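1. quick one, structure for this:
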Amino acid sequence: MDKLIKAFWEMCLLRRGPQDVPPSQVITGAALLVYALFSFFGVVVRLPANSAFLFALIDVGLLVAFTLGALWIRFLSVRWQQTLAAMAGTGAILEAVALPVFYWQSQVADSQLEALPVFVLWLLMIWNLAVVANIMRHSLNVPMLISGVFSLLYIYLSLRVLGTIFFMEPR
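-> This is a model prediction of the structure:
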């Protein structure tokens, strides 16, 4: 387990790719579950628990749909377990890093200090874009520029869909 967490962390640092995750339904399922939990805890400070649960389910659904869709378009569906596990595992780590910032933002909302956590969240979003682009670069066998476009599309669509459903505008 430690090796797996270390591999996800090194993917967050752009040192590894999804090929370093063993293809396993158990690993993929566990990574998706942990991702869903961190997604839930990331929004429960802003939404009621039942809405946060629905948010997490939709977030996971979007992650799965995007990942499988991108692989399907490139005829690389055989890589789904490793890619999905990498996306969920790194997403969970980045959500864990963002949790204190979400809490901080909720504490300073509507004050002059609100700009600081928002700035940190933008930095985390840029980091997330880089991580998703790196995973997609390896999974899809495309240049970083093309995988960067894929990651921008994924993040944008996720923010728009989730923001529209839960009336939260992306900052």
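
2. where does this protein have low pLDDT?
-> Residue ranges of the chain with pLDDT under 70: 167-171.

3. mind giving me the packing neighbours of the longest helix along it?
-> As assigned by DSSP state H, the longest helix anywhere in the chain is helix 80-107. Judged by 3 or more CB pairs under 8 Å, 6 or more residues apart in numbering; DSSP states H and E, the packing partners of helix 80-107 are helix 2-12, helix 25-43, helix 49-73, helix 115-140. C-betas here are computed from N, CA, C, even on glycine.

4. now those in a markdown table, with mean neighbour count?
-> Formatted as a markdown table, those follow (neighbours: other CB atoms under 10 Å):
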| stretch | mean neighbour count |
| --- | --- |
| helix 2-12 | 16 |
| helix 25-43 | 19 |
| helix 49-73 | 16 |
| helix 115-140 | 18 |
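
5. distance to Leu162 added to those helices, as a markdown table?
-> A markdown table is the format used below for these (distance: least, CB to CB, whole Å):
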| stretch | distance to Leu162 |
| --- | --- |
| helix 2-12 | 22 |
| helix 25-43 | 9 |
| helix 49-73 | 6 |
| helix 115-140 | 13 |
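
6. any idea which of those helices gets closest to Thr83?
-> Nearest to Thr83, of all the helices and strands packed on helix 80-107, is helix 115-140, at 4.3 Å by CB to CB.

7. can you give me the offset of the closest one from its chain's centre?
-> 9 Å (CA atoms, centre = their mean, to the nearest Å).

8. just to revisit the earlier point, what residues sit buried inside the longest helix of the chain?
-> Applying a neighbour-count criterion of 16 or more other CB atoms under 10 Å, one finds 80-95, 98, 101-102, 104-105 buried in helix 80-107.

9. list the contacts of the residue lying farthest from the centre of the chain.
-> Most distant residue from the mean C-alpha position of the chain: Gln112, 28.8 Å away (CA atoms, centre = their mean). Gln112 makes no contacts at all, as judged by CB atoms under 8 Å, 6 or more residues apart in numbering.

10. what's the answer for Val45, then?
-> So Val45 contacts Phe102, Tyr103, Ser106 (CB under 8 Å, 6+ apart).

11. quick one: which helix or strand includes it?
-> In this structure, Val45 sits in neither a helix nor a strand according to DSSP states H and E.

12. which non-adjacent residue is nearest it?
-> Once flanking residues are discounted, Val45 sits nearest to Ser106: 4.5 Å by CB to CB, 6 or more residues apart in numbering.

13. what do you get for Tyr35?
-> Leaving aside its sequence neighbours, Tyr35 sits nearest to Ala88 (CB to CB, 6+ apart; 4.0 Å).
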